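Okay, sequence plus prediction incoming.
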Amino acid sequence: MSEDVDWRWIRHLLACRSGQRCEICGRALGAADVVSVHHRDPRGMGGTRVPWVHALGGLLLVCGDGVRGCHGAAESHRSEARRVGILVDGAAPEARPWHVPLVLASGRRVLLAENECFYLPAPPPAYDEPFRRGSAPISVRAV
């Protein structure tokens, strides 16, 4: 991760936004849990110099480490993760992470503020958009 980013502060803001819960499965996160920051717009193998890559709207506080837990499930089930907004393709300006709704474990659709630590209400899904109310976005096997 980038050296010029204060990851302790970012994790603190993400924990405030999520209520110290995994933003994918909703599980309460404790001091003994493996917790990581997930980039909704994948950085790729070597990172990126795009200035907004570490904006709060593009980050999620999740359980696991990229191989296990929700972070691992998001990485290994990318099409499902894209369907519910856990992953986005931010190549186009209108597809920046803070413009793409995220479906929380509760089924609530939210937008993540670009540089603020709170959820914004998302517009309702389009008629043809697949959406399962009240279901967890990605099924995660217990770690």
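That came through, no problem.

Let's verify Val53: helix, strand, or coil?
On the three-state scheme (DSSP: H, G, I helix; E, B strand; the rest coil), Val53 is labelled coil.

In this structure it contacts Pro42, no?
No. Using CB atoms under 8 Å, Val53 is not in contact with Pro42; the gap is 9.8 Å. In short, each C-beta sits where N, CA and C put it, glycine included.

so where's this protein shaky on pLDDT?
1-3, 44-49, 90-93, 126-143 (pLDDT under 70).

Spatially, what comes nearest to Leu59 if we skip its sequence neighbours?
Setting aside the residues directly before and after it, Leu59 is nearest to Val37 in space (CB to CB, 6 or more residues apart in numbering), at 5.4 Å.

Can you give me the neighbour number for that neighbour?
Burial of Val37 is recorded as 16 neighbouring residues (other CB atoms under 10 Å).

again with Gly57
Neighbour number of Gly57 under other CB under 10 Å is 22.

and the closest residue to it other than its chain neighbours, what does it touch?
Distances taken as CB to CB, 6+ apart place Trp98 nearest to Gly57, at 3.1 Å, with adjacent residues excluded. By CB atoms under 8 Å, 6 or more residues apart in numbering, the contact set of Trp98 is 55, 57-58, 111-114.

Phi first, then psi, for Trp98.
The phi and psi values for Trp98, taken as degrees, to the nearest 10, are phi -80, psi 0.
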